[in-house]
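J.: for reference, the sequence and a predicted model appear below.
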Amino acid sequence: MVVYKCFKCGKKINTNDLDKRFVCPYCGSKIFYKPRTVIKKLKAD
């Protein structure tokens, strides 16, 4: 399951909620992005 964020309203949307149409169920926008996960960088000794 992939989670996208709507560019217009900022709500999180699961791929299950989108069905076959790629439209935000909250505001009707068609622009989404995939939020990046935070990666912790460690310095090698």
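T.: Arrived safely.
J.: just the element for Y4, please.
T.: Element membership for Y4, per DSSP states H and E: strand 3-6.
J.: and that strand, what does it pack onto?
T.: Under the contact criterion of 3 or more Cβ pairs under 8 Å, 6 or more residues apart in numbering; DSSP states H and E, strand 3-6 touches strand 12-14, helix 15-18, strand 32-33. From N, CA and C alone the C-beta is placed, and that goes for glycine too.
J.: apply 6 Å and report the result again.
T.: Using 3 or more Cβ pairs under 6 Å, 6 or more residues apart in numbering; DSSP states H and E, the elements in contact with strand 3-6 are strand 12-14.
J.: who does the strand it packs on pair up with?
T.: Here strand 12-14 has these sheet partners by DSSP bridges: strand 3-6 (antiparallel).
J.: can you list contacts of the strand it pairs with?
T.: For strand 3-6, contacts defined as Cβ atoms under 6 Å, 6 or more residues apart in numbering pick out 12-14, 24, 29, 32-35.
J.: what about D19, how many residues nearby?
T.: If you count neighbours by other Cβ atoms under 10 Å, D19 ends up with 9.
J.: and if you look at K43?
T.: 4.
J.: and the contacts of strand 3-6, which are buried?
T.: Among the contacts of strand 3-6, those scoring as buried are 13, 24 (criterion: 16 or more other Cβ atoms under 10 Å).
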